[in-house]
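[1] model this:
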Amino acid sequence: MSVIFFLINGFAQDEPFRITHGPYLQNMSEDGVSILWTTNRDAIAWVELAPDDSTHFYLEERPKYFSAPYGFKNVSAVHAVRLSNLRPGTTYRYRIYSQEVLSHKGTQVIYGKVAASKAYQTGPLTFTTGNHAKKDISFVILNDIHGNNELMTNLLKNTSWSNTDMVFFNGDMVSDITSEEQFLGGFVDTSVKLFASEVPVYYARGNHETRGNFAHRFADYFPGFSGKIYGMFRQGPVCFVVLDCGEDKPDSDIEYSGIVAFDAYRDKEAGWLKEALKSDLYKNAPYKIAIIHMPPFGGWHGEKEVEDKFVPLLNDAGIQAMFCGHLHKYIRKEATARQNFPIIVNSNNTVIKALTAPEGLKVEVRNEQGGLVDSLVIPQK
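    Presented below is the predicted three-dimensional model:
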């Protein structure tokens, strides 16, 4: 048995040290961005950053940003580097690095090989920071893909990425989370190939991302906003309120095996939302948009929680539209006495593409073949 164990481990270590997923950009702000990727073994990680000018990336040593949130360089196979103190509306070039840590005993650390993204033949990757002063922006919303990479590719095939500021994953991008390979292979790898290394993503967790034995690791791969996986940010004239809906059934339901406490979680989130909607970041934005997976209707427990705990706050704060998913069909619900803003429920086989224009926020809903399903204009208030 010991010989077999030795051989298995020997073969495992023969695999070259490499980057396995990513990089992908998250939570872009005016002065920063998070860059995430994974490796096949534990390592330290850093990002080299250069201005997007005429100089060669290798002209000089570029500043290094390490994954070191508490003063120690993080040793892990999941790497998250937050770049900060950047300039608004500025394009940067970047390259990611990981160096394997073979052993760490006391003060002795033995390092292995380095793996990095390409920067010579194909050129470094780029991103552009957010800018409140930007006049017009565009964004894309996807949801309920449930690991169907072919569907996601078809929905995005006519997207002009050079003119897209961000993408929202509005929940249920997979059916459950059972491992890193299943989770990231379910949609992240495809998004990296298409756009996510250079166009930032924001994630409104759905009810299916709370399921599976690996679901508690969700925030390792999508860490969200300052320790929360719900939050608020502004890009150009739009303030986005990104909410986490939680599960759709009562916490006591047999399906959850006593492992969830989403009612109390949504109470805490509502407390945060009440204060966030008072901020100048929100109040001064010409457009105010909510992104949440479950809509505040349908009759299930989670939907009723969204209606009772979030909608009154959004009503009072003058939200102009809410974008949802979850129901696997397209629904456009106009403002009512209970919710004084329109709700656009995107289907599982359509994509929302929106852009600001002089007449308002123009929204198009398109199907897998690129056909127009619906369109509307949300005016400024």
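[2] what sits up against stretch 86-97?
    Residues outside stretch 86-97 that contact it (C-beta atoms under 8 Å, 6 or more residues apart in numbering): 19, 22-23, 30-33, 35, 37, 45-52, 57, 62, 79, 81, 83, 114-117, 119, 123-134. Yep, even glycine has a C-beta here, placed from its N, CA and C like the rest.
[3] how does the chain divide into domains?
    Split into domains by automatic domain parsing, the chain comes to 17-128, 138-378.
[4] report the rounded mean pLDDT for the first one.
    Over the span of domain 17-128, the pLDDT mean works out to 95.
[5] what does stretch 235-244 give?
    Mean predicted confidence for stretch 235-244 is 97.
[6] got the end-to-end distance for it?
    Length of stretch 235-244, first residue to last, C-alpha to C-alpha, to the nearest Å: 20 Å.
[7] buried stuff in that stretch?
    235-244 (16 or more other C-beta atoms under 10 Å).
[8] turn these into TSV, including distance to residue 171 and secondary structure.
    Listed next are the buried residues of stretch 235-244 as TSV, based on distance: C-beta to C-beta, whole Å; DSSP: H, G, I helix; E, B strand; the rest coil:
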residue	distance to residue 171	secondary structure
235	20	strand
236	24	coil
237	25	coil
238	20	strand
239	20	strand
240	15	strand
241	15	strand
242	11	strand
243	10	coil
244	9	coil
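[9] quick one: distance of stretch 86-95 to the chain centre.
    Remark: stretch 86-95 is offset 19 Å from the chain centroid, using C-alpha atoms, centre = their mean, to the nearest Å.
[10] give me the three-state assignment for residue 338.
    coil (DSSP: H, G, I helix; E, B strand; the rest coil).
[11] what's stretch 100-112 in contact with?
    Residues outside stretch 100-112 that contact it (C-beta under 8 Å, 6+ apart) are 17, 39, 41-44, 75, 99, 113-115.
[12] the strand ranked longest in the chain pairs with which strands, and in what direction?
    Secondary structure of the chain per DSSP state E: the longest strand is strand 33-51. If you go by DSSP bridges, strand 33-51 pairs up with strand 19-26 (antiparallel), strand 64-66 (antiparallel), strand 76-83 (antiparallel), strand 91-105 (antiparallel).
[13] most tightly surrounded among the domains of the chain?
    Per residue and on average, the most neighbours among the domains of the chain fall to domain 138-378, with a mean of 18 (mean count of other C-beta atoms under 10 Å).
[14] thinking again about what came up before, of the strands paired with strand 33-51, which is nearest residue 188?
    strand 19-26 (6.2 Å; C-beta to C-beta).
[15] so residue 195 sits against residue 163, correct?
    No. Applying C-beta atoms under 8 Å as the test, residue 195 and residue 163 come out as separate, 11.6 Å apart.
[16] coming back round to it: could the contacts of stretch 100-112 go into a markdown table alongside distance to residue 277?
    Shown next, in a markdown table, are the contacts of stretch 100-112 (distance: C-beta to C-beta, whole Å):
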| residue | distance to residue 277 |
| --- | --- |
| 17 | 46 |
| 39 | 40 |
| 41 | 44 |
| 42 | 41 |
| 43 | 41 |
| 44 | 40 |
| 75 | 40 |
| 99 | 44 |
| 113 | 49 |
| 114 | 46 |
| 115 | 43 |
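[17] which residues does the closest residue to residue 85 other than its chain neighbours contact?
    Closest residue to residue 85 apart from its sequence neighbours, by C-beta to C-beta, 6 or more residues apart in numbering: residue 31 at 6.1 Å. By C-beta under 8 Å, 6+ apart, the contact set of residue 31 is 84-88, 129.
[18] and residue 269, its phi and psi?
    Main-chain torsions, residue 269, degrees, to the nearest 10: phi -60, psi -40.
[19] and the residue nearest to it when sequence neighbours are not counted, what is it in contact with?
    Spatial nearest neighbour of residue 269, excluding adjacent residues (C-beta to C-beta, 6+ apart): residue 230 at 5.6 Å. Counting by C-beta under 8 Å, 6+ apart, residue 230 makes contact with 204, 224, 242-244, 269, 272-273.
[20] now render the residues you listed as JSON lines, adding distance to residue 104.
    JSON lines is the format used below for the contacts of residue 230 (distance: C-beta to C-beta, whole Å):
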{"residue": "204", "distance to residue 104": "37"}
{"residue": "224", "distance to residue 104": "29"}
{"residue": "242", "distance to residue 104": "37"}
{"residue": "243", "distance to residue 104": "40"}
{"residue": "244", "distance to residue 104": "35"}
{"residue": "269", "distance to residue 104": "38"}
{"residue": "272", "distance to residue 104": "37"}
{"residue": "273", "distance to residue 104": "42"}
